[in-house]
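Trainee: sequence-free structure coming up:
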């Protein structure tokens, strides 16, 4: 309370300052008013005396009686302020000068002039003047009084001493009080403001050390506490940033470890599966009894399901890590749809259900732009799911399109089935990863629960939306809605990817160098190639492959990536370098790798390889990759 009273007292004193200024201004105004009053009094006195002398000097001017004029002047000169009197005739000629000096002086003199007029002396003249208002008295001369302003100056000085000096004193006192209080209040405030500016610039080590009292002292303490809190907060923030950086580095390391683990697991799982799948495909081509053929088909189907599970896990991991990229291109939509259905037609016929395609005329012969691989993956997943959960009836793939702009198409791809349906309350869980509708469904149909989760993520990456509808009576409809850029006319051939559903050629011809370090995979690939009609030369590593290439001409090279001595990447780089040095045409190199990650594919292309085939592969996939390089027409017209 004592410190607060000090501030209030200073503020009360500060309130006196405006009153002092107002008092000073009032005194100045009064002084000016008194100046004007003194000046008016002197003006009135001078005018009155001039008029009086002029009225009494008419006879002296008319009669030329200078004695009478001098007597009038001497009477007027009894006024102490009057310095001289001058009489003039009507033409301005000086008739008489009477003054305290020989010559009239103008410095410090105020002159007052009045005309001398002839007054009427007869009754006729008076009557004539009364009747004729236009007649004026005749001016016969003038009188000029020179009056000193010394008395006016003395009066003004007296006024200044009496009024202006107190006003000035009050003003100066107000200024001094204001300056004193400004030093007492503004200086500490400026000091505290400087502390705050320092804190604002990030220097939280500063502290207020001035001896302040009252509210300003409390404010300084608050600022010091604020500085301490900010300094502590900054230290905590810096510590949190360091922890976040460490966590980010750990997350990056974990992400990299996850990618490395996926790549390793992909290689380690696919390598033995390639042997299993390859052997089963070779076994399928041998002479078997009906029972043995049935066993082989079941083993092939189970191996295919296992491969699908591995692919789903790898795809989901890539999507979660944000490492799956799109490759949009122009392609014709109808061949892609027909190719998707042909992939599952055998499975549908085996279950005794139909698989139909219904398309609108609008999309026929239309070229659209998106990623055909990912679009095919979504459709394959939906069709596979529909066939798996349909026991009677069948599956219909329905395609509708609508033009929204001259070069944009709204596309709806619907997969309708007559299967078991999906309860309304469980549709929300349908697109969650690693989930099944219920345990009985999981036991009956199996699966990881990743297929629809991957399909929805890919649909969103393509810029579309995947929805589901399932009435109570059974059956489900999955609809993929997309807005795609399209062309009505066919673009240049090199701008369009042709997707064909035609059967692969049964027989290939050519000389192939098979580079593989795994004996089982080497035997499987060699037997499959030989069944296709291809001549095969083998090498166990990249170094042997380069030696074989320098000895013979090959139509194509199947190059494993991970090998001892010299891996497939480096072997391909050295091969391309040797071809450039020798001026030889490049030999097509197809990568064979158990690493199905997209990064591996890019690395293969960067090394100079022409194509990529992930293990394990089916006979049709190998045939499709080799067809551009080993068809009968190509080998006959090539080397």
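Mentor: Structure's in. What do you need? Just so we're clear, the structure is a prediction, and the values are computed from it rather than from any experiment.
Trainee: C-alpha only now, for contacts and for neighbours.
Mentor: Will do.
Trainee: tell me the helix or strand right after whatever helix or strand residue 238 lives in.
Mentor: If you go by DSSP states H and E, residue 238 is part of helix 214-284. Downstream of helix 214-284, the next assigned helix or strand under DSSP H and E is helix 290-320.
Trainee: quick one: average confidence on that following helix?
Mentor: Helix 290-320 comes out with an average pLDDT of 74.
Trainee: now that helix and helix 214-284, what's the angle there?
Mentor: With axes from the mean of the first three to the mean of the last three C-alpha atoms, to 10 degrees as the basis, helix 290-320 and helix 214-284 are set at 160 degrees to each other.
Trainee: which strands and helices lie in contact with helix 290-320?
Mentor: If you count contacts as 3 or more C-alpha pairs under 8 Å, 6 or more residues apart in numbering; DSSP states H and E, helix 290-320 packs onto helix 214-284, helix 451-461.
Trainee: what are the buried residues along that helix?
Mentor: Residues of helix 290-320 classed as buried: 293, 296-297, 299-300, 303-304, 307, 309-310, 312-319 (neighbour count, 16 or more other C-alpha atoms under 10 Å).
Trainee: ok, the nearest residue to residue 274 once chain neighbours are set aside - contacts?
Mentor: Distances taken as C-alpha to C-alpha, 6 or more residues apart in numbering place residue 616 nearest to residue 274, at 3.9 Å, with adjacent residues excluded. By C-alpha atoms under 8 Å, 6 or more residues apart in numbering, the contact set of residue 616 is 270, 271, 273, 274, 275, 277, 278, 594.
Trainee: rerun that using 10 Å as the cut-off
Mentor: Residue 616 is in contact with 267, 269-278, 303-304, 307, 521, 592-594, 596, counting by C-alpha atoms under 10 Å, 6 or more residues apart in numbering.
Trainee: same deal with residue 374?
Mentor: Applying C-alpha under 10 Å, 6+ apart to residue 374 gives the contacts 325, 326, 327, 328, 380, 455, 458, 459, 461, 462.
Trainee: quick one: it from residue 325, how far?
Mentor: 10 Å (C-alpha to C-alpha, to the nearest Å).
Trainee: list the residues that contact both of those two?
Mentor: With C-alpha under 10 Å, 6+ apart, residue 374 and residue 325 have common neighbours residue 461.
Trainee: picking up where we left off before, which among the contacts of residue 374 count as buried?
Mentor: 380, 455, 458, 459, 461, 462.
Trainee: now do the helices in the stretch 351-500 of the chain.
Mentor: In the stretch 351-500 of the chain, the segments counted as helices under DSSP state H, counting those that start in this stretch are 372-388, 439-445, 451-461.
Trainee: and those: which comes nearest residue 113?
Mentor: For the helices of the stretch 351-500 of the chain, the distance to residue 113 is smallest for helix 451-461, at 108.1 Å, taking C-alpha to C-alpha.
Trainee: quick check: which helices or strands does that closest one pack against?
Mentor: helix 290-320, helix 372-388, strand 465-469, strand 476-487 (3 or more C-alpha pairs under 10 Å, 6 or more residues apart in numbering; DSSP states H and E).
Trainee: ok and that helix relative to helix 290-320, angle-wise?
Mentor: 40 degrees.
Trainee: helix 451-461: how far from the chain's middle?
Mentor: Relative to its parent chain, helix 451-461 has a centroid offset of 29 Å by C-alpha atoms, centre = their mean, to the nearest Å.
Trainee: quick check: mean pLDDT of that helix?
Mentor: 85.
Trainee: angle of that helix against strand 476-487?
Mentor: 30 degrees.
Trainee: now do helix 451-461: everything it contacts.
Mentor: Residues outside helix 451-461 that contact it (C-alpha under 10 Å, 6+ apart): 308-309, 312-313, 315-317, 319-320, 324-326, 371, 374-375, 377-382, 384-385, 429-435, 462-467, 480-482.
Trainee: by how many degrees do it and strand 465-469 diverge?
Mentor: 140 degrees.
Trainee: start at 612, not 1
Mentor: That works, and once the first residue is 612, the last one we named lands at helix 1062-1072.
Trainee: residue 1219 contacts residue 1190, doesn't it?
Mentor: No: assessed by C-alpha atoms under 10 Å, residue 1219 is found out of contact with residue 1190, at 11.7 Å.
Trainee: tell me where the stretch 962-1111 of the chain is predicted with low confidence.
Mentor: Scanning the stretch 962-1111 of the chain for pLDDT under 70 picks out 1044-1060, 1099-1111.
Trainee: how about the contacts made by residue 1079?
Mentor: Neighbour list for residue 1079: 1025-1027, 1033, 1038-1039, 1041-1042, 1087-1091 [criterion: C-alpha under 10 Å, 6+ apart].
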